[in-house]
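# Sequence first, then the predicted structure:
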Amino acid sequence: MRRTNVHSNGTLAAGTGIIPRLDDISSSSTAFPSTKALASRWLQECCTSHRACNVDHDRKGFNPNRLLDVGRIRDEMIQLTDTTPTEPITYVTLSHRWGQVDVPLLTKHTEASFKSGIAICDLPKTFQHAVTVVRELGHRYLWIDSLCIRQDRDDLSDWLHEASLMHKVYGHGHFNISATGAIDGSEGLFRERDHTARGFERVSLKVEGLNGGPIPCIAFYFPFWTDNVERAPLNLRGWVLQERILSKRVLHFGKTQLFWECRELQAAETFPSGTSYDGSRPVGIKCLEPDVAGPLNKTANESHRDPRFWAYDLWTGIATTYSRCSLTKSGDKFLAIMGLAKHMNGLIKDMYVAGMWRKYLASELAWSVSRHGGTTPSTPDIYTAPTWSWLSRNAEIQCSKVKDKGIRLKVKDVQLDYATDDPCGPLLGGRLANGIFSRVGLSYTHSSRKKLLRDRNRVPELPCVSWDAKQKLHTICVI
């Protein structure tokens, strides 16, 4: 029998598409052990069958400086332990939203007691559930930021050092547990289900003029992944974006069910073999890997001489996504993407320039503040980046596609003043040299809202200029 897809709005889709495997969920909760078998299967298949998920570009290995030893399943305590770099340890990471809940913090004063043991009952519900997941899936070590990085306000040295290693902490983790549907640590990972939010419905379609009985069809809700994962509370946080991209595998605990995300598969409990409706491979944010994005962007690469052009183009998408995320401390804007910058730098071997890259900097400078953003653009509380960098603005931005042709602007020199010796680290200042100052006139038409720059001594008309959204600008400096 030919199977026919029906969109959620009732319109017919092509009947030749591949319908993913569908499962009805019988359990009333997302809690382990009811969901353990599927989570274990996803993990096992990824570790044994997904080539792109098992490529290790950093063959030196890595252990975080501290890990939580979660012990045996019936232990009521966990323990903070120092690691050694000699033998790689298999560990799991946790992504969570702190929110307004009191979270236990590692400090100079609590470190000794944490190493003696932490009662699981004293932890937020999300941490308790994470310990359960790690134990049930047969692992021993867990990394949680608040318990493995010193959070002393009067001494940020450990925090800054560990922040510079985030690309390795998440990149080398066996998998990441994501509290995707939770607003804070009090909600936990495990949820009671809403069985109406499964992403599809089985329906019968009766077609006028067609002989026979009703045709069994399936109505898909196409924004299923977007609503449950991309727009989930946790994934709208700035720090979490790099955690999600850098982790090889992510087990999302959503509001209604579990979701799986790796470099080769996006799946859910109701779509256990993949959420793709046409059998195609997912092209998600985890494609910042040559083994995944290179083949997927083969067509784009063929039109450019640079074999790494796909990576630069993908970065502009990451920058746009990151600009939509929120941060509790706006001063963290540079730091919260530093791990991704380090990972990217390892791939393309290019100079990192405050959220952009030297090779195509002239093209990347053409970013603008989105007019569709929900908040008024502002400046971070502390110095983050030069004004020509999108990192200098708390606003949703739009990045144009990277170009290597037809760019009239040429960046002659870039000078950055680093706060540390890390070339991807925080900045104290930065300067660009990209041309000669020239006196120009500004032409503004209220009807079309176009702003044109005119240089009376040289050319009759220069390209139009666009102000940042929701801002009034009375003076502009043109370089």
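Thanks, I have the structure now. Residues are numbered from 1 along each chain as shown.

# Now K206: closest residue in space that isn't a chain neighbour?
Using CB to CB, 6 or more residues apart in numbering and skipping residues adjacent in sequence, the residue nearest K206 is P214, 4.6 Å away. Bear in mind the C-beta positions are built from the backbone N, C-alpha and C, glycine included.

# I'd assumed L205 was in contact with the one you found.
Yes. With contact taken as CB atoms under 8 Å, P214 and L205 are classed as touching, separated by 6.1 Å.

# Which one's more surrounded, the two?
Neighbour count, other CB atoms under 10 Å: between P214 and L205, L205 has more, with 15 against 11.

# Check the gap between the more buried one and F271 for me.
Between L205 and F271 the computed distance is 21 Å (CB to CB, to the nearest Å).

# which SS state does Y383 fall under?
Per DSSP: H, G, I helix; E, B strand; the rest coil, the secondary structure class of Y383 is coil.

# mind listing what it touches?
If a contact means CB atoms under 8 Å, 6 or more residues apart in numbering, then Y383 has L427, L428, G429 as its contacts.

# Packing partners of the helix or strand encompassing V203?
Using DSSP states H and E, V203 sits in strand 200-205. Applying 3 or more CB pairs under 8 Å, 6 or more residues apart in numbering; DSSP states H and E, one finds that strand 200-205 contacts strand 215-220.

# What average pLDDT does the helix or strand just after the strand it packs on get?
Using DSSP H and E, the next helix or strand after strand 215-220 towards the C-terminus is helix 224-225. Mean pLDDT, taken over the full extent of helix 224-225, equals 84.

# Contacts for the helix or strand following helix 224-225, please.
Counting by DSSP H and E, the next helix or strand C-terminal to helix 224-225 is helix 238-246. Applying CB under 8 Å, 6+ apart, the external contacts of helix 238-246 come out as 93, 95, 97, 166-167, 170-171, 176, 178, 234-235, 250, 261, 285-286, 288, 318, 321-322, 325-327, 332-333, 336-337, 339-340, 343.

# PyMOL command for the buried members of these?
Buried members of those can be picked out in PyMOL with the line below, counting by 16 or more other CB atoms under 10 Å:
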select buried, resi 93+95+97+166+167+170+171+176+178+234+235+250+261+285+286+288+318+322+325+327+332+333+336+337+339+340+343
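
# Poorly predicted segments of the protein, please.
Of all residues in the chain, those with pLDDT under 70 make up the ranges 1-24, 57-59, 195-199, 276-304, 373-374, 434-479.

# Most remote residue from the middle of it, which is it?
Of all residues in the chain, N211 has its C-alpha farthest from the mean position, at 50.0 Å, by CA atoms, centre = their mean.

# Doesn't it belong to a strand?
No. Following the definition three-state DSSP, N211 is coil and is not counted among the residues of a strand.

# So it versus L205, what's the distance?
14 Å.

# Report the backbone C-alpha coordinates of stretch 182-200 in PDB.
The C-alpha trace of stretch 182-200 is given here as PDB (Å, rounded to 0.1, in the frame of the first residue of the first chain):
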ATOM      1  CA  ALA A 182      13.800  22.500  32.600                       C
ATOM      2  CA  ILE A 183      13.700  26.200  33.600                       C
ATOM      3  CA  ASP A 184      16.000  25.500  36.600                       C
ATOM      4  CA  GLY A 185      17.500  22.800  38.700                       C
ATOM      5  CA  SER A 186      14.300  22.200  40.800                       C
ATOM      6  CA  GLU A 187      12.400  20.700  37.800                       C
ATOM      7  CA  GLY A 188      14.800  17.800  37.200                       C
ATOM      8  CA  LEU A 189      15.200  15.700  34.000                       C
ATOM      9  CA  PHE A 190      12.300  13.300  34.400                       C
ATOM     10  CA  ARG A 191       8.800  14.600  33.500                       C
ATOM     11  CA  GLU A 192       5.200  13.300  33.500                       C
ATOM     12  CA  ARG A 193       4.200  13.000  29.800                       C
ATOM     13  CA  ASP A 194       1.700  14.900  27.800                       C
ATOM     14  CA  HIS A 195       0.800  12.100  25.300                       C
ATOM     15  CA  THR A 196      -0.900  14.600  22.900                       C
ATOM     16  CA  ALA A 197       2.500  16.200  22.100                       C
ATOM     17  CA  ARG A 198       4.100  13.300  20.300                       C
ATOM     18  CA  GLY A 199       4.600  15.000  16.900                       C
ATOM     19  CA  PHE A 200       2.200  12.900  14.800                       C
END
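
# how much space is there between A163 and R244?
Per CB to CB, A163 is found 17 Å from R244.

# next one: G138
23 Å.

# between those two, which one's more packed in?
Ranked by neighbour count (other CB under 10 Å), G138 and R244 place R244 first, with 22 against 10.

# Just the strands from the stretch 351-479 of the chain, written as ranges.
352-353, 356-357, 368-369, 397-398, 413-418, 427-433, 441-445, 450-454 (DSSP state E, counting those that start in this stretch).

# if you skip the residues just before and after it, what's nearest to P423?
The shortest distance from P423 to any residue that is not its chain neighbour, by CB to CB, 6+ apart, is 6.2 Å, and that residue is Y352.

# W315 versus that neighbour, what's the distance?
As defined by CB to CB, Y352 lies at a distance of 10 Å from W315.

# Looking at these two, which is more packed in?
Legend: neighbour count by other CB under 10 Å for Y352 and W315, higher for W315 (23 against 19).

# I figured the more buried one hits L347, correct?
No. With contacts defined as CB under 8 Å, W315 does not count as touching L347, sitting 9.9 Å away.

# Can you verify D313 is assigned to a helix?
Yes. Following the definition three-state DSSP, D313 is counted among the residues of a helix.

# all helices of the stretch 251-400 of the chain, in order?
Assigned helices in the stretch 251-400 of the chain, in chain order: 290-296, 298-302, 309-324, 338-348, 361-364 (criterion: DSSP state H, counting those that start in this stretch).

# tally of neighbours for G99?
Counted by other CB under 10 Å, the residues lying close to G99 total 16.

# need the contact list for the residue lying closest to it once chain neighbours are set aside.
What sits nearest to G99 in space, not counting adjacent residues and going by CB to CB, 6+ apart, is D184, at 2.5 Å. Contacts for D184 (CB under 8 Å, 6+ apart) come out as R97, W98, G99, Q100, V101, P124, T126.
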